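> How does the following fold in three dimensions:
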Amino acid sequence: MIAVPHAMNDDRDSGVVEEICGYLTELPPRSYFLFAGAGSGKTRTLVEVLRRLTGVVKHEKGNHLAKQLRMYGRSIRVVTYTKNAVSVINGRLGENDLVKVSTIHSFCWELIAGFNDDIRAALIAVKEGQIAKETADALAKPRGITAAKQRDLDELKADIEAFRTTDVFIYHPDRNTYGPGALAHSQVLDATAWLLGNRHTLQTILKDRHPIVLIDESQDTMKSMLDAFMCLAEPRGSGLTLGLLGDHRQRIYNDGHADLPSLIPPSWATPELQMNHRSQRRVVDLINAIWEAELEGRTQPASGVEQHSRSGKAGGTVRLFVGDTSRSAEDKVVGERWCADQMRHASGYDDWSRGQYQLLALEHKLVATRGSFLDAFSAMVLLDANAAAPSGSGENKGPAVVQVLLNELGQLEACIGADGTVDEVKATDVFRRYGRLDGMPDSPTDRTRRVEDMRQALEAFAIARANPNSTVEQVLKPILAANLFDVDSRLTAAYEDKSPAPPEPGRGEDESKQNRMRRGWCALFSAPWNQLQKYRVYLTGDSVLATHQVVKGSEFPHVMVVMDDKLAAGNQISYDKIFGGVQLTKADRENIDKGKETSIDRTLRLLYVTCSRAQESLALVLWSSDPAAALLRVKDSGWFLEGEFDPIQ
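Residues are numbered from 1 along each chain as shown. Next comes the predicted model:
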């Protein structure tokens, strides 16, 4: 076991706030990268810096900076990853007219909104660059440009033509907006990054409004955006000062730079937060050991700050359980319950036997299986794979074509009591909220008839959704028949289409978008309605089940990490390779020779992220193709103490 010293000094990071204040109040101010590991108090540090720089807390140089900002109508910009993070920072900071906090999407749209000609030029340039790259990549392969690739290229060209004929571009962050000029989150980022690099006017606007920009979760910030910001911040004194906050060990999206610390200019400051205030010592020891591990196939450097737990958190429970991945899904669920029972005995926490722990999984499919909503989730993936699952940014709301199922009908369900009775007052509020009472007939007779139709449809809806055997189609029937809500025309057309689902394509076969969508609709309408209820909860992030990516920045008293490569949709991640149940592939070895990122690198980071979510106790459940080999690797790894790993019974 790797020995990690634990200093009794819980205040080892106490000077970092003043250190950062010094960088930002120097003349000229100095950009910096703050290395902030899991549970290190990054948000607290950020808020304390802002309070000093804006005069909330007495600070001589900070008061001077605040006067300068106020004199010129400027502010410090804080860019975060999620809306929840925005709320947390604003809540801790309080009213402060010198600080503006927003997600990166909102920040970018604020910069470019209204510059329609520039947005158009940027989007066309980005698409043209994408076409050139994909064409070159395809031509470099033996098969060249296949029919499927040509369809992709044609879609990109069609997008360009659509941009050329669009006069006004819009962005609506709270719902999926379709139609001419409607931009998705990624398009807003792409356009802003291109414009910051190619339009001097926008560069000037940014510097004039926000001379200091602090970017949270910088390791996952889109490469092109981060490159644009860093370019504008050089040389020192350029008019823009950057503060990057993050931890490259917790990078879980490919949008970010593979090794951000290596890109930080030598002139930048590099303060560090060394404490872990979140977890018990045993958990901190484990994540330190994981990151420092010398594993075959690892190409990323083991750089980073060793963390120290608080002196009052000297305990903690860690266990690893290994089982055979050939077991059925049902048997695995039983096995995981056995693991939870073992954790109850090992940790002394009854929460494990009550199901009061957070289960983290690699794949949304695994979560959907464990959560008993696989049919509904699989249908959503066919309808829109990019929107079917929750994301770490908290922006996904599910496929746009089924919003009525996820929003309106979800709220309508909340108006139905446990005994099946409908609270008509609450239901009326729902109808009013969605404008369904605005177009009521003027004639008293017609109005009475319409109200009665709505009431009967509502009762039929209540009866159908209470039946555990009801399908989505059956529950949706009275809603559509009575026109209770404004429904996407694509959903209505699919509901009225009674043609059978096309056959699933064979391995390696192409499938048209039309056939895939039809399969998705058929799967959705035949899915049990109660699965849609569970899917809705999962999508909102309120489930006790989650994927590794979704819990970024979160913490839980007790965590179970389920590692099951069998359900992974690809070869990007493999826990079985980390633990020795599977050998490295040819592709892995080619990447090693080229010094490129491997599946070992990606998996190691995810393992670090998941383990660091736990505050008190942590269970790792590995479903391996070779449990015996995995247990031997575990024993030799030094990550776990004797008695901390067992085969699953």
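> Relative to residue 525, how far out is residue 319?
Residue 319 sits 43 Å away from residue 525, going by Cβ to Cβ, to the nearest Å. The way it works is simple: take the backbone N, C-alpha and C, and place the C-beta from them, glycine included.
> Same question for residue 332.
Relative to residue 525, residue 332 is positioned 29 Å away (Cβ to Cβ).
> Neighbour count: these two, which is higher?
residue 332 (23 against 18; other Cβ atoms under 10 Å).
> Now for the nearest residue to the more buried one once chain neighbours are set aside: which residues touch it?
Nearest non-adjacent residue to residue 332, counting by Cβ to Cβ, 6 or more residues apart in numbering: residue 623, 6.3 Å away. When contacts are counted by Cβ atoms under 8 Å, 6 or more residues apart in numbering, residue 623 is found next to 323, 324, 325, 327, 332, 562, 563, 564, 565, 566.
> hmm, try it at 7 Å
By Cβ atoms under 7 Å, 6 or more residues apart in numbering, the residues touching residue 623 are 323, 325, 332, 563, 564, 566.
> Now, the residues you listed that are in strands?
Those of the contacts of residue 623 mapping onto strands are 323, 563, 564, per DSSP state E.
> ok, then the element right after the lengthiest strand in the chain?
Selection of the longest strand in the chain by residue count, based on DSSP E, yields strand 614-624. Following strand 614-624 in sequence order, the next helix or strand is helix 627-637 (DSSP states H and E).
> First-to-last residue distance for stretch 130-149?
Stretch 130-149 has its terminal residues 13 Å apart, counting by Cα to Cα, to the nearest Å.
> typed the wrong thing, it's stretch 167-184
17 Å.
> quick thing: my sequence starts at 10, can you match it?
Sounds good: first residue 10 from here, last item stretch 176-193.
> pLDDT averaged over it, what's the number?
Mean pLDDT, computed over stretch 176-193, is 71.
> Parallel or antiparallel, which strands does the longest strand of the chain pair with?
strand 326-333 (parallel), strand 565-573 (parallel) (DSSP bridges).
> tilt between it and helix 636-646?
Strand 623-633 and helix 636-646 are oriented at 140 degrees to each other (axes from the mean of the first three to the mean of the last three Cα atoms, to 10 degrees).
> Tell me how far strand 623-633 lies from the chain's centre.
Relative to the chain's own centre, strand 623-633 is displaced by 21 Å; criterion: Cα atoms, centre = their mean, to the nearest Å.
> From the contacts of residue 632, list the buried ones, please.
332, 334, 341, 572, 573 (16 or more other Cβ atoms under 10 Å).
> tell me the contacts of the nearest residue to the first one once chain neighbours are set aside?
Going back to what we said before, that points to residue 332. Closest residue in space to residue 332, ignoring its immediate chain neighbours: residue 657 at 3.4 Å, by Cβ to Cβ, 6+ apart. With contact taken as Cβ under 7 Å, 6+ apart, residue 657 is in contact with 330, 331, 332, 344, 347, 348.
> and the third one, how far is that from residue 525?
For residue 332, the distance to residue 525 (Cβ to Cβ) stands at 34 Å.
> before we move on, what about the last one?
Residue 348 sits 37 Å away from residue 525, taking Cβ to Cβ as the criterion.
> Who has more neighbours out of those two?
residue 348 (23 against 17).
> Tell me the bridge partners for the closest residue in space to that one that isn't next to it in sequence.
Nearest-residue entry for residue 348: residue 330, 4.6 Å, with adjacent residues in sequence omitted and distances by Cβ to Cβ, 6+ apart. Residue 330 forms beta bridges with residue 630, residue 655, as assigned by DSSP bridges.
> Quick check: pLDDT value at residue 379.
Predicted confidence (pLDDT) for residue 379: 79.
> So it versus residue 330, what's the distance?
For residue 379, the distance to residue 330 - Cβ to Cβ - is 15 Å.
> So if I had to pick from these two, which one is more boxed in?
Counting neighbours by other Cβ under 10 Å for residue 379 and for residue 330 shows that residue 330 has the greater number, 24 against 20.
> Where does pLDDT dip in the stretch 160-309 of the chain?
181-189 (pLDDT under 70).
> Could I get the full set of helices for it?
For the stretch 160-309 of the chain, helices defined by DSSP state H, counting those that start in this stretch occupy the ranges 194-207, 209-218, 232-241, 290-301.
> Take the ones you listed and write them to TSV, including mean neighbour count and distance to residue 165.
Below are the helices of the stretch 160-309 of the chain laid out as TSV (neighbours: other Cβ atoms under 10 Å; distance: least, Cβ to Cβ, whole Å):
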stretch	mean neighbour count	distance to residue 165
helix 194-207	21	13
helix 209-218	15	25
helix 232-241	18	17
helix 290-301	22	39
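> As a check, name the ranges of all strands in the stretch 10-159 of the chain.
41-45, 85-89, 108-112 (DSSP state E, counting those that start in this stretch).
> For the residue nearest to residue 332, what are phi and psi?
phi -80, psi 130 (degrees, to the nearest 10).
> Could you find the closest non-adjacent residue to residue 72?
residue 64 (4.9 Å).
> Please give me every residue in contact with the one you found.
71, 72, 75.
> Just the buried subset of these, please.
Buried among the contacts of residue 64 by 16+ other Cβ under 10 Å: 71, 72, 75.
> Only alpha carbons, please: show stretch 377-388 as CSV.
Output in CSV follows, covering the C-alpha atoms of stretch 377-388 (Å, rounded to 0.1, in the frame of the first residue of the first chain):
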residue,chain,number,x,y,z
ALA,A,377,-31.4,1.9,-17.3
THR,A,378,-31.2,-1.8,-16.8
ARG,A,379,-30.6,-1.5,-13.0
GLY,A,380,-33.4,1.2,-12.9
SER,A,381,-35.9,-0.9,-14.9
PHE,A,382,-36.5,1.6,-17.7
LEU,A,383,-34.3,0.1,-20.4
ASP,A,384,-37.2,-0.1,-23.0
ALA,A,385,-38.0,3.5,-22.6
PHE,A,386,-34.4,4.6,-22.6
SER,A,387,-33.5,2.5,-25.7
ALA,A,388,-36.4,4.1,-27.6
